[in-house]
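Visitor: Need the 3D shape of this:
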Amino acid sequence: MLKPLFDKLRFRYGSLRGSLRSARYKIESAFGRYGHARRVRWEDVQRLVFVCQGNIMRSAYGEAVARRAGLGAASFGVKVSELETPLLGRRIANERGTPLEDHRVRRRSMRCPSAGRIWCC
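Guide: Residues are numbered from 1 along each chain as shown. As a prediction, this is how the structure comes out:
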């Protein structure tokens, strides 16, 4: 009976745990926990940095969308194990008008956050 609901949550958030994390962050945001993050001086932003676990789908897609919009962007993974975006990810990105064929997986660099960058995790 709950299987269809869990399947939808897994599809949208990657896992049931991912959906619970998202709900938690939305609640924390509603109570002002991330208010400081809303006060961005966009004129000072030079680059968006997208971070995810493997740099094969989420961060790669975020970087591609930002670049397509004319923004400076980069992406990397914190636990890289695969070397390319899975076929399904490439197909979906292509359908949305943001091909990932040229994307190369990048591991986390040792660079520290610096002024002019917004980190998107």
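Visitor: Show me the domain layout of the chain.
Guide: Domain segmentation of the chain under automatic domain parsing yields 1-39, 40-121.
Visitor: chain center to the shortest one, what's the gap?
Guide: Taking Cα atoms, centre = their mean, to the nearest Å, the mean C-alpha location of domain 1-39 is offset from the chain mean by 14 Å.
Visitor: Now do the end-to-end distance for that domain.
Guide: Chord length of domain 1-39, first to last residue, is 43 Å (Cα to Cα, to the nearest Å).
Visitor: got the buried residues for it?
Guide: Using 16 or more other Cβ atoms under 10 Å as the test for burial, domain 1-39 gives 9, 19. Glycine gets a C-beta too; all of them are placed from N, C-alpha and C.
Visitor: And for stretch 96-112?
Guide: Across stretch 96-112, burial judged by 16+ other Cβ under 10 Å covers 98, 100, 103, 105.
Visitor: Farthest pair within those residues?
Guide: Largest separation among these by Cβ to Cβ: 98 and 105, giving 16.7 Å.
Visitor: thinking again about what came up before, export the domains of the chain to a markdown table and tack on mean pLDDT?
Guide: Putting these into a markdown table (pLDDT from 0 to 100) gives the following:
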| stretch | mean pLDDT |
| --- | --- |
| domain 1-39 | 84 |
| domain 40-121 | 79 |
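Visitor: in terms of contact, does residue 107 touch residue 77 like I think?
Guide: Yes - judged on Cβ atoms under 8 Å, residue 107 makes contact with residue 77 at a distance of 6.3 Å.
Visitor: Common neighbours of these two, please.
Guide: Counting by Cβ atoms under 8 Å, 6 or more residues apart in numbering, the contacts common to residue 107 and residue 77 are residue 55.
Visitor: check contacts around the closest residue to residue 119 other than its chain neighbours.
Guide: Closest residue to residue 119 in three dimensions, ignoring its sequence neighbours and counting by Cβ to Cβ, 6 or more residues apart in numbering: residue 49, at 5.0 Å. By Cβ under 8 Å, 6+ apart, residue 49 lies in contact with 73, 74, 75, 76, 113, 117, 118, 119, 120.
Visitor: what do you get if the cut-off is 7 Å, keeping everything else the same?
Guide: By Cβ atoms under 7 Å, 6 or more residues apart in numbering, the residues touching residue 49 are 74, 117, 118, 119, 120.
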